[in-house]
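Visitor: A predicted structure for the sequence below; I have some questions about it.
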Amino acid sequence: MTQPVGFESSGNSRGHSKSFSFSLPRRSSKSSPDTHKPKMSVSQVKLQLELSFQDMQSHEADHLRHRIRSAREVKDVWMLRSDVHQLISRQISQHVAAERINALLHCFEQWLPEKTLLRI
């Protein structure tokens, strides 16, 4: 008599009394609690990019807000990061611009390949 995987016999020769045993799958060493966060919507990603320069009031900033709001896909929003970086660099500093843009990487995590998400 072959015994099904995951079951143990209690010693009963007929095999009537069996107990089920199993183990939980192991978590990969690469996985982290952040990998289970829900994916941001396109509108949430756009809002986060806009908030990165909410303290700036200029024609250029308003034009950039319009371009972000008009973007249809996250990859289009991703491409606008460089324009946001330039705006913040000119009006505040490159250091602040890099900090603000790098703080947005988590917004794009489940939308773009990980190798694309490089810090400035």
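Guide: Sure thing, it's come through.

Visitor: going by C-alpha atoms from here, please, whenever you check contacts or count neighbours.
Guide: Noted.

Visitor: does Pro38 fall in a helix, a strand, or a coil region?
Guide: coil (DSSP: H, G, I helix; E, B strand; the rest coil).

Visitor: residue contacts, Lys46?
Guide: 68-69, 74, 77 (Cα atoms under 8 Å, 6 or more residues apart in numbering).

Visitor: out of the residues you listed, which sit inside helices?
Guide: 68-69, 74, 77 (DSSP state H).

Visitor: of those residues, which is the most crowded?
Guide: Ile68 (24 neighbours; other Cα atoms under 10 Å).

Visitor: that residue reaches Trp78, doesn't it?
Guide: No. Contact criterion Cα atoms under 8 Å: Ile68 and Trp78 do not qualify, at 9.7 Å.

Visitor: quick one, grab the pLDDT at the residue nearest to the spatial centre of the chain.
Guide: Centroid-nearest residue in the chain: Glu109, 2.9 Å away (criterion: Cα atoms, centre = their mean). Note on Glu109: pLDDT of 93.

Visitor: follow-up on the earlier one: what's the closest of the contacts of Lys46 to Lys37?
Guide: Nearest to Lys37 among those, counting by Cα to Cα, is Val74 at 17.2 Å.

Visitor: check contacts around the closest one.
Guide: Contacts of Val74 (Cα under 8 Å, 6+ apart): 42, 45-46, 108, 111.

Visitor: likewise Gln91?
Guide: Met56.

Visitor: that older thread, most surrounded residue in the contacts of Val74?
Guide: Lys46 (25 neighbours).
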